[in-house]
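Asks: the sequence isn't on hand, but the structure is:
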């Protein structure tokens, strides 16, 4: 929600600045320019990336603006609870905990632990899942960054097309000023799309990926400590470094 507020504030700043400079709001509305910039940017992305990257990028965008960051203190508490449960009822009891998890990574880790796999095997499997998932997400982010590079260029193309139409009507000089002003709306659309939406969103998603990877690394280390037979207090002390100072107090 905070990110959407930032985007809205940026758009508002442009509109208010335009109005304060004596411009009219209708001058910023140009459907042909929007079609050129949005359609051309999307088409360039379709040439570059497969459908899976688009689907993942869209999912990550929604996740970035809807989901809260991972709860590291809550994750540490879950690990301590799992450790106590494993000590009371054995590692097999952790299999029931998979029904309460919606993260496939954690489900996989708990299942491996419940199956009695060695710590080395658990680490090997989870590290592969962690790296593979992170790389797929980063590939989708790179698609957004590429779209941010295409958008200003498509804006320039839209401006050139608009200027071509202006030059074709030199017989009506009274319309030249308005035509030139309208043509440059495409450039505004392209630059704004890249710098107010695509680039900030890509950076926000990368921050989310980093936070999610850190959370999963903590979970993985905790599950390994449980597999080694460590106690809950030892787990808390060893994983304390994952928490920020404000979370640790």
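Replies: In hand now; what should we look at? If you're wondering where the values come from, they're calculated on a predicted model, not measured in any experiment. Numbers count the residues shown, from 1 in each chain.
Asks: show me where this protein has helices.
Replies: In chain order, the chain shows helices spanning 2-20, 31-34, 40-48, 51-66, 72-89, 104-114, 119-167, 176-183, 185-192, 199-227, 232-239, 245-248, with DSSP state H as the criterion.
Asks: can you tell me which of the ones you listed is most buried?
Replies: helix 185-192 (a mean of 22; mean count of other CB atoms under 10 Å). Just so you know, the C-beta spots here come from the backbone N, C-alpha and C atoms, and that holds for glycine as well.
Asks: tell me how far that helix lies from the chain's centre.
Replies: The gap between the average C-alpha position of helix 185-192 and the chain average comes to 23 Å, counting by CA atoms, centre = their mean, to the nearest Å.
Asks: repeat for stretch 200-212
Replies: Here the centre of stretch 200-212 is set off from its chain's centre by 5 Å, with CA atoms, centre = their mean.
Asks: same question for that stretch, mean pLDDT?
Replies: For stretch 200-212, mean pLDDT is 93.
Asks: got it, and stretch 159-178?
Replies: Averaging pLDDT residue by residue across stretch 159-178 gives 72.
Asks: low pLDDT regions in this protein?
Replies: In the predicted model of the chain, residues 1-2, 169-179, 245-249 satisfy pLDDT under 70.
Asks: tell me the contacts of the residue nearest the centre of it?
Replies: Against the mean C-alpha coordinate of the chain, by CA atoms, centre = their mean, the closest residue is residue 205 at 2.2 Å. With contacts defined as CB atoms under 8 Å, 6 or more residues apart in numbering, the neighbours of residue 205 are 60, 61, 63, 64, 137, 140, 141, 144.
Asks: now the residue nearest to the last one when sequence neighbours are not counted: how far from residue 46?
Replies: Looking back up the chat, that one is residue 144. The shortest distance from residue 144 to any residue other than its chain neighbours is 4.2 Å, reached at residue 202 (CB to CB, 6 or more residues apart in numbering). Summarising the geometry, the distance separating residue 202 from residue 46, computed by CB to CB, to the nearest Å, is 18 Å.
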